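Enquirer: My questions are about this predicted structure, shown below with the sequence.
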Amino acid sequence: MLRHITQGLALGAVLALTAMAPAQAKTIKVAIGHQSMCTDTYTAGIVIKELKLLEKYLPKDGKYKDVDYDISWADYSSGGPITNQMMANKLNIGVMGDYPLIVNGAKFQATDSLRTYYVAGTGYNLKGSGNAIVVPVKSDLYKIGDLEGKAVSTPVGSAAWGMLLKAAQDNNIKFQLKNQSPAVGAANIAAGKIDAHSDFCPWSEIMEFRGTGRKIYDGSEAGVPYLHGVVVRKDLADDYPEVVQAFIKAVYAAGKWIKEDPMRATDLMEKWTGVEKEVLFIYFSEGGHLTLDPTIKPKWTEALKFDHTVLVKEKAIPPLDFDDWIDEKYIKAAYKDMGVDYEADKAAIVDPKVANAGLPNQIWHARDGIKEFKTLPEFLTAVAKFRATGAKINSTYVYDVETGLKLFGKTAFWVVTPKGEFSTFLRRGEAEKFAASSGGKVIDFDEAIAMKSS
Amino acid sequence: MTAAVLQSPRLHRIREAVAARPRLWLAVTLGFPVVYYLGMFAALLIRFQALPNYTETFDWFGNVAEIIRSTPDWSDIWPIIGQEWLFEVGRMNYDYGAGISEWSLYINPTKFGLILILGALTATVVNLMLARRAACSTSRLNGGAAAGGLGAALVGMTNVTLAWVVCCATPSWVVGLAILGLGVSTSLWLEQFGWWIEYAGFGLLLASLYVLSGEPKGPDGTPAATAGGHDDHHIPNTAMGASR
């Protein structure tokens, strides 16, 4: 009897002490895995991190009134390790490209109790630009067909690898496939040690900008959209949906910040990531390869389903229930909170061929910034003038006649017609075809400038 | 049933063989992981002709605690813990951006445990072979050695802990094959058979123990003890080679 009384008193005391203890502030962990060497992830990664946009949008009232946020960022060179870290709950938000996203969803669905949701995109290129095949700048290979029997490297499992497989199928060619990392692939291209290298954004442009590589195939030729997105662990999304919405608001705000002033943005992003601002500009400026848009479009789901079939065939990854994995409710709620029309943004799709028609050609003057020129003769005259005065030009940008893609002026194939009109092309074959039909000739950038210098 | 297994003559012979050379058994068991990881490290240095330039230590215990706390189902917990790293050494390429880990060797405690078990099994095979040289026929010794060697190779191969950014930084046993020159597509295709290859490896090791611990056979195929030979239970220590 005495023992029961003692036990009862002890239990009562514990309960009373528990009730009297001051409420401990709850800590919510938000751990994000991003990729500072993959441009298309920046609006859900480095920009949010550096501008502290997540802190700005995280909820601080209602059930979050006494909450502390433990925000951490981890930088990776590819999506695979982000998925592994998410499985171990060291990360609960991951940002990655289309192929790694699918692996993420499929690996989680292969478990009994864990899931991720694909909650938002970061950006896209409708036709697949961003991935490309590059050859050494002095190579005599100019088109995909020239790769027959050659050695081509790529990071296997990446979006660029998927594009390479499709390009080989579409063009019925066979080559020796070698697995190679972006950095080593770029170094091999610079040293002429490999016939071609296929890679994702922004590696092709880094090679072009550094003058070591030349694109012979752009992802847009494969015709499969190239996109990146955000995956979130189910437990975070279920327990704290407002936190996921806050992250999506931050993604939206990051995109808006870049669009407001691409030069300022690329200048800062160069400092944050080490990727040259002139390379970043080809992605993030008006008419750039990347359309910043977090909405999840039906076309993206189709593209991801196609990518999944490639991965199942080549890497035997598990099945993926897209209906369970893709969840738009968080982004819809975020847009509603921000007063932005989600359905309107979702319906809008940017095709570079249409959207970039008529955009001015640009010269990035080292001191005066971006200067725009409506026509190519005006543009070439200005470049010639700058060169004559010894002015430093960071980079120049023109557009491909065939695809509307933004190109470096120095890597474009130029065609001049007998009337003195100029056109610019991504690939030599199309430039030659146009030259033949117009009675013109294919020239390089320096020759084009020379024709306008007097 | 368990008692019967524990008292089986084969197990008795295995225990005897281990007990006959305990220091050798311990040296092979503990030395195996050391040689294994040093071998992987040397392979990286030779393959890439470069020294590592970074190391990283991970809070393995903390990470395991977090996995247990945040994973609802135990069936998911084990495989996830199985992927946790304790230590990493590798080479970072700083030519582009903030740097990319080109290749690395990592210590995964789960895999380390498996390699330790592999070391113990290999040590047992070695001890048994030494102990039963006199009792087993040459073909049985050779067969046991071949099965044990192949089994150890298969288990060792499927527990390689190398990462190579070329394989999209996928830490998987097939990365080792890719580094050694096997085609990447073939390596990645093989990945799905990892478990089966590992099971086969352990199966071969156990088969090796079974063969080597069997009753000695006389020339006519009958057990040596009943054919007028001697049962190796009763072989003096010198015949077992223990005192050498």
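Expert: Noted; the coordinates are in hand.
Enquirer: quick one: the most centrally placed residue in chain B from residue B:155, how far?
Expert: Geometric centre of chain B, nearest residue: residue B:118, 3.0 Å, by Cα atoms, centre = their mean. Distance of residue B:118 to residue B:155, given as Cβ to Cβ, to the nearest Å: 5 Å. For every residue, glycine as well, the C-beta is placed using N, CA and C.
Enquirer: Pull up the overlap in contacts between those two.
Expert: Here residue B:118 and residue B:155 have residue B:205 as joint contacts, going by Cβ atoms under 8 Å, 6 or more residues apart in numbering or on different chains.
Enquirer: on that earlier part again, correct me if wrong, but the residue nearest to the centre of chain B is in a strand.
Expert: No - looking at residue B:118 with DSSP: H, G, I helix; E, B strand; the rest coil, it is helix, so not inside a strand.
Enquirer: give the contact list for it.
Expert: B:32, B:152, B:155, B:156, B:159, B:205.
Enquirer: Give me the contacts around stretch B:138-150.
Expert: B:121-122, B:125, B:128-129, B:132-133, B:136, B:201, B:204-205, B:207-209, B:211-212, B:214, B:217.
Enquirer: So residue B:115: helix, strand or coil?
Expert: Once three-state DSSP is applied, residue B:115 turns out helix.
Enquirer: And the nearest residue to it once chain neighbours are set aside, how close does it get to residue B:42?
Expert: Leaving aside its sequence neighbours, residue B:115 sits nearest to residue B:33 (Cβ to Cβ, 6 or more residues apart in numbering or on different chains; 4.6 Å). Residue B:33 is 15 Å from residue B:42, where distance means Cβ to Cβ.
Enquirer: Same check on residue B:162?
Expert: For residue B:162 relative to residue B:42 (Cβ to Cβ), the value is 12 Å.
Enquirer: Just the element for the residue nearest to residue B:115, please.
Expert: Using DSSP states H and E, residue B:33 sits in helix B:22-48.
Enquirer: Not counting its neighbours along the chain, what's nearest the residue of the stretch 1-150 of chain A found nearest chain B?
Expert: Nearest residue of the stretch 1-150 of chain A to chain B, counting by Cβ to the nearest Cβ: residue A:113, 3.4 Å away. Distances taken as Cβ to Cβ, 6+ apart place residue B:73 nearest to residue A:113, at 3.4 Å, with adjacent residues excluded.
Enquirer: What are the phi and psi values at residue A:256?
Expert: Dihedral angles of residue A:256 (phi, psi; degrees, to the nearest 10) stand at phi -60, psi -40.
Enquirer: And residue A:160, by the same measure?
Expert: Backbone phi and psi, for residue A:160 under degrees, to the nearest 10, turn out to be phi -70, psi -30.
Enquirer: got it, and residue B:188?
Expert: phi -70, psi -30.
Enquirer: any idea how far it is from residue A:418?
Expert: Taken as Cβ to Cβ, the span from residue B:188 to residue A:418 is 53 Å.
Enquirer: And these two? Which one has more around it.
Expert: residue B:188 (24 against 9; other Cβ atoms under 10 Å in any protein chain shown).
Enquirer: just to revisit the earlier point, which ones among the contacts of stretch B:138-150 lie within helices?
Expert: B:121-122, B:125, B:128-129, B:201, B:204-205, B:207-209, B:211-212 (DSSP state H).
Enquirer: Report how many residues lie close to the residue nearest to residue B:115.
Expert: Here the count is done by other Cβ under 10 Å, and residue B:33 has 19 residues near it.
Enquirer: Is it correct that it is in contact with residue B:112?
Expert: Yes - using Cβ atoms under 8 Å, residue B:33 is in contact with residue B:112, at 6.3 Å.
Enquirer: Can I get the buried ones among the contacts of residue B:118 as something I can paste into PyMOL?
Expert: Per 16 or more other Cβ atoms under 10 Å in any protein chain shown, the buried members of the contacts of residue B:118 correspond to this PyMOL selection:
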select buried, chain B and resi 32+152+155+156+159+205
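Enquirer: Widest-spaced pair of the contacts of residue B:118?
Expert: Across the contacts of residue B:118, the longest distance by Cβ to Cβ is 13.3 Å; it joins B:159 and B:205.
Enquirer: Averaged over its residues, which helix or strand of chain A has the lowest pLDDT?
Expert: helix A:2-20 (a mean of 49; mean pLDDT, DSSP states H and E).
Enquirer: between the helix or strand containing residue B:91 and helix B:22-48, how many degrees?
Expert: Residue B:91 is part of strand B:87-93 when elements are defined by DSSP H and E. Here the directions of strand B:87-93 and helix B:22-48 differ by 10 degrees (axes from the mean of the first three to the mean of the last three Cα atoms, to 10 degrees).
Enquirer: backbone phi and psi for residue A:181, please?
Expert: The phi/psi pair for residue A:181 (degrees, to the nearest 10) is phi -80, psi 160.
Enquirer: Now do it: how many residues are near it, please.
Expert: Residue A:181 has 28 nearby residues by other Cβ under 10 Å.
Enquirer: still on that earlier bit, now, among the contacts of residue B:118, which is nearest to chain A?
Expert: residue B:159 (17.0 Å).
Enquirer: quick one: low-confidence ranges for chain B?
Expert: B:1-6, B:97-99, B:165-171, B:184-185, B:216-244 (pLDDT under 70).
Enquirer: quick one, strands of it?
Expert: B:54-57, B:87-93, B:100-107, B:162-164 (DSSP state E).
Enquirer: near chain A at all, the third one?
Expert: Yes - counting by Cβ under 8 Å from any Cβ of the partner chain, chain A has neighbours in strand B:100-107: B:100, B:101, B:102.
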